[in-house]
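Participant: What would the 3D arrangement of this be:
(2 chains)
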2 protein chains.
Amino acid sequence: MNNFSYYNPTKLVFGRDIIKCIGQELAANNVKKVLMLYGKGSIFKNGVYDTVSASLKDNKIEWVEVGGVKANPVISKVREAISVSRENDVDAIVCLGGGSVYDSAKAIAAAYYHDGDAWDLFAKEDLDISKALPIYGVLTISATGSEMNSGGVITNEETLSKWSFGSPLVFPKVSFLDPSIQSSLPEKQTINSIVDILTHLYEFYFDGTENVDLMMGYTEAIMKTTIEHGKVLLNDPSNYESRAELALSGTLALNRSTGMGRSGGDWSTHLIEHALSAIYDISHGAGLAIVFPAWAKYVYKDNLPAFVRFAENIFNIKEGTDEEKALKGIDSVIEFYKSIGAPTSLKDINVGLEDIDAITENAARIAPFGTVKPLYKEDIYNILKLAL
Amino acid sequence: MNNFSYYNPTKLVFGRDIIKCIGQELAANNVKKVLMLYGKGSIFKNGVYDTVSASLKDNKIEWVEVGGVKANPVISKVREAISVSRENDVDAIVCLGGGSVYDSAKAIAAAYYHDGDAWDLFAKEDLDISKALPIYGVLTISATGSEMNSGGVITNEETLSKWSFGSPLVFPKVSFLDPSIQSSLPEKQTINSIVDILTHLYEFYFDGTENVDLMMGYTEAIMKTTIEHGKVLLNDPSNYESRAELALSGTLALNRSTGMGRSGGDWSTHLIEHALSAIYDISHGAGLAIVFPAWAKYVYKDNLPAFVRFAENIFNIKEGTDEEKALKGIDSVIEFYKSIGAPTSLKDINVGLEDIDAITENAARIAPFGTVKPLYKEDIYNILKLAL
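Facilitator: Have a look, this model is predicted:
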């Protein structure tokens, strides 16, 4: 087991009808005026906007609104929201939505007190973030885990860079998660949630750290819950108990708890996917479903024990040599993704051999990356070829 | 799944040689003078005192010392430490030891700013704790989980009340946990650790909440790790990897993460054990090993699915009716405890039928308790009879 430090001060308020408590929580923390940030309007249909507005009014909290955050959130929207926040002198951010809204809120929170451009958070490694606006969020799609961690990913539309940043100062102060809100999600988003959650688990599980029995078992418990209750939801989308299991899985999958004692995760699948969805406007989940099996086929020999354990414990594969088990495990992931309607190859999203040079170039800007096997430009190209 | 709120701001610094960072952490938080609290002197043998003292000196942090905290910590020592702390105007507590030292530190921290007697924390339910000294701890025995939660248990020697209190203000700010320190523990303490950790897991696992699949799987992962690596340690006490697995199991078993979506835990085994160890000066772990199987035999019919799942997943019991499986699971716990040298009956600690009235009286002062089956005085007596 590796040495580690774990810190996560986000308060998670979880369950039916808990969103209405947000105003009280803000008032208890002496917040007077907030930026209310949201996406493309689902909060007007699922009741979240009305519930939050009423709660803010009841607690005499003023707000200004910025909507229109995209699924792959962009830096221009972050800049716009910072201007609005500064003009209105807000003292907190209330973000309503999924990972893209949370990630944007984190960039706004940290850049609010920064003198230079907001993209500096992503481009300048030595930037010192010493202050940030507090974030209070309502999560409406469980997938990215952003509701209980300190990182975010934003795309710079000018350079097509989809990059991440992190700071302990941008842990949401409180996240409200009512799983019942997610019953109205389009099926496609539930599929993306399942894939995104599983991929966060893979990034740690397969990172190559030895002697992390407890974390392997813990992560397998989240994987099994995600698969089992994900299947239920595709047949019965308003099943509250399965929504709750999937939502809690999503939060725990990336609140860094599964990373205790590990090397920090591999993250190759994510980094290659970011290059893919920076160029093609596909969902993060779709990209991950395509990239992970290809990455796994390319690297499994470098971490055979984890791939064997995964095959045995998640898909009950008990026969064959270790290599056969590992490969059957990866095939089982592909079969599972097909069964839930996720894409599993670049062909499925109309990307061909002629396109992968550009994706490789984009991802290779930050290569080498990965802990199981450090990936250079050539490796990234080979993985994308396996994903065709 | 039940609605819940989860909040745990303790920073856990875990691994080899990390204790020496304590002074730097205190200095970064502008701490100038601390109360150093410890037990009966093991910290002088295992190097913790020297490492911490050197780190405090290096960072120009002054300290006053109070030692002699007992294994079942008492309120008189808490009062003594509060006096010393007030006289010396400390601005934080550094506690070095196991759960008893941590629990005492929490009581000192909260009562430091309280006008009345320290026992008010435990006896006055409506007491409002609005301020507490920050706690920085070095954990030397993994068992109680106190290093990453907000509760504590103290005994009032005058009334023989072993009671608990809790406040979000007494979460340790930082806990340092170097598993290698625990290699020098007497075998008996490792046995107590194993039992204490498992019992914390049981209290949530068997609390009767329905539809908590993820939490059942997560808790089983910690149970299996505790049993497997506990066995390794009894043969090979300085095995670092197993020390690390057991230590992390201990922290996660009671940082309340296994309680997400649950009713708050049953806690009957603990409450009956507290009565037992308030009267007889036995270790908490020994008491728990005796009480849990008796409690389980008394209540298993009220939560059969959990007892069956436990038997199947922890002890691989696949044959028989549900009732038979449940009973075999409980027998397997007893066999496991015997195999590691833990007591499994009151007889093992020389307590007989003639003694259980007094234990019943003590426990019944706060009855009824328990979520699976509310226990009244008569139930407590029956359970103690089953434990003979």
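Participant: Would you confirm that A:E65 contacts A:M36?
Facilitator: Yes. The pair A:E65 / A:M36 is scored as a contact, 4.7 Å apart, by CB atoms under 8 Å. C-beta coordinates here come from the backbone N, C-alpha and C atoms, glycine included.
Participant: Give me the more crowded residue out of these two.
Facilitator: Comparing A:E65 with A:M36 by neighbour count (other CB atoms under 10 Å in any protein chain shown), the higher total belongs to A:M36, at 20 against 15.
Participant: which stretch of helix or strand covers the more buried one?
Facilitator: strand A:33-38 (DSSP states H and E).
Participant: go on, A:Y218?
Facilitator: Under the assignment here (DSSP H and E), A:Y218 is part of helix A:213-235.
Participant: what's the answer for A:A118, then?
Facilitator: Going by DSSP H and E, A:A118 is not part of any helix or strand.
Participant: what sits against it?
Facilitator: A:I75, A:V78, A:R79, A:I82, A:A107, A:I108, A:A111 (CB atoms under 8 Å, 6 or more residues apart in numbering or on different chains).
Participant: Read off the pLDDT value for it.
Facilitator: For A:A118, the pLDDT comes out at 96.
Participant: and the helix or strand of chain A at the bottom of the mean pLDDT ranking with chain B, contact?
Facilitator: Using mean pLDDT, DSSP states H and E, strand A:161-166 stands out as the lowest-scoring helix or strand of chain A, at a mean of 90. No. No part of strand A:161-166 sits near chain B under the criterion CB under 8 Å from any CB of the partner chain; the closest distance found is 15.8 Å.
Participant: and what of stretch A:43-52?
Facilitator: No. Stretch A:43-52 is not in contact with chain B by CB under 8 Å from any CB; minimum separation 15.4 Å.
Participant: tell me the mean pLDDT for that stretch?
Facilitator: pLDDT averaged over stretch A:43-52 gives 96.
Participant: Give me the distance from the strand holding A:M36 to the chain's centre.
Facilitator: 21 Å (CA atoms, centre = their mean, to the nearest Å).
Participant: In the sheet, which strands lie alongside the least confident helix or strand of chain A, parallel or antiparallel?
Facilitator: strand A:151-156 (antiparallel) (DSSP bridges).
Participant: Return the set of buried residues in the strand it pairs with.
Facilitator: A:G151, A:G152, A:V153, A:I154, A:T155, A:N156 (16 or more other CB atoms under 10 Å in any protein chain shown).
Participant: what's near enough to touch the residue nearest to the last one when sequence neighbours are not counted?
Facilitator: The spatial neighbour of A:N156 that comes closest, neighbours along the chain excluded (CB to CB, 6 or more residues apart in numbering or on different chains), is A:I75 at 4.9 Å. Contacts of A:I75 were listed using CB under 8 Å, 6+ apart, and they are A:A107, A:A118, A:W119, A:F122, A:I154, A:T155, A:N156, A:E157.
Participant: likewise A:S345?
Facilitator: Here A:S345 is in contact with A:I290, A:A387, A:L388 (CB under 8 Å, 6+ apart).
Participant: now swap in A:F165 and tell me
Facilitator: A:F165 touches A:K106, A:A107, A:A110, A:L121, A:F122, A:G151, A:G152, A:I154, counting by CB under 8 Å, 6+ apart.
Participant: Of the residues you listed, just say which sits nearest to A:N8.
Facilitator: A:G151 (11.9 Å; CB to CB).
Participant: Please tell me how far the nearest residue to the closest one once chain neighbours are set aside sits from chain B.
Facilitator: Counting by CB to CB, 6+ apart, the nearest residue to A:G151 once its immediate chain neighbours are dropped is A:G166, at 3.8 Å. Going from A:G166 to chain B by CB to the nearest CB, to the nearest Å gives 16 Å.
Participant: and what of A:H274?
Facilitator: 28 Å.
Participant: Only C-alpha atoms, please: export the host helix or strand of that residue in PDB.
Facilitator: Element membership of A:H274, judged by DSSP H and E, is helix A:268-279. Below are the C-alpha coordinates for helix A:268-279, written out as PDB (Å, rounded to 0.1, in the frame of the first residue of the first chain):
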ATOM      1  CA  SER A 268      -5.200   7.000 -19.500                       C
ATOM      2  CA  THR A 269      -8.800   6.200 -20.600                       C
ATOM      3  CA  HIS A 270      -9.900   9.600 -19.500                       C
ATOM      4  CA  LEU A 271      -7.100  11.500 -21.100                       C
ATOM      5  CA  ILE A 272      -7.600   9.800 -24.500                       C
ATOM      6  CA  GLU A 273     -11.300  10.300 -24.200                       C
ATOM      7  CA  HIS A 274     -10.800  14.000 -23.500                       C
ATOM      8  CA  ALA A 275      -9.000  14.300 -26.800                       C
ATOM      9  CA  LEU A 276     -11.800  12.500 -28.500                       C
ATOM     10  CA  SER A 277     -14.600  14.600 -27.100                       C
ATOM     11  CA  ALA A 278     -12.600  17.800 -27.500                       C
ATOM     12  CA  ILE A 279     -12.800  17.200 -31.300                       C
END
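Participant: just checking, what packs against it?
Facilitator: strand A:161-166, helix A:187-205, helix A:284-299, helix A:356-364, helix A:377-386 (3 or more CB pairs under 8 Å, 6 or more residues apart in numbering or on different chains; DSSP states H and E).
Participant: how about the longest one: buried residues?
Facilitator: If I follow you right, that is helix A:187-205. A:189-205.
Participant: now the buried residues of strand A:151-156 in CSV, with pLDDT and distance to B:S142?
Facilitator: Shown next, in CSV, are those (pLDDT from 0 to 100; distance: CB to CB, whole Å):
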residue, pLDDT, distance to B:S142
A:G151, 95, 30
A:G152, 95, 34
A:V153, 93, 36
A:I154, 95, 40
A:T155, 93, 44
A:N156, 94, 46
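Participant: between the residues you listed, which is closest to B:V69?
Facilitator: The nearest member of these to B:V69, counting by CB to CB, is A:G151 at 40.0 Å.
Participant: returning to what we had before: and the helix holding A:Y218, C-alpha only, in CSV?
Facilitator: Below are the C-alpha coordinates for helix A:213-235, written out as CSV (Å, rounded to 0.1, in the frame of the first residue of the first chain):
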residue,chain,number,x,y,z
ASP,A,213,-6.9,-5.6,-1.0
LEU,A,214,-9.4,-3.5,0.9
MET,A,215,-9.6,-0.9,-2.0
MET,A,216,-10.0,-3.7,-4.5
GLY,A,217,-12.9,-5.2,-2.6
TYR,A,218,-14.5,-1.8,-2.0
THR,A,219,-14.2,-0.9,-5.6
GLU,A,220,-15.7,-4.2,-6.7
ALA,A,221,-18.7,-3.5,-4.5
ILE,A,222,-19.3,-0.2,-6.3
MET,A,223,-18.8,-1.9,-9.7
LYS,A,224,-21.3,-4.6,-8.9
THR,A,225,-23.9,-2.2,-7.6
THR,A,226,-23.5,0.1,-10.7
ILE,A,227,-23.9,-2.8,-13.1
GLU,A,228,-26.8,-4.5,-11.2
HIS,A,229,-28.8,-1.3,-10.5
GLY,A,230,-27.9,0.2,-13.9
LYS,A,231,-29.6,-2.7,-15.6
VAL,A,232,-32.7,-2.3,-13.4
LEU,A,233,-33.0,1.4,-14.4
LEU,A,234,-32.9,0.8,-18.1
ASN,A,235,-36.1,-1.3,-17.6
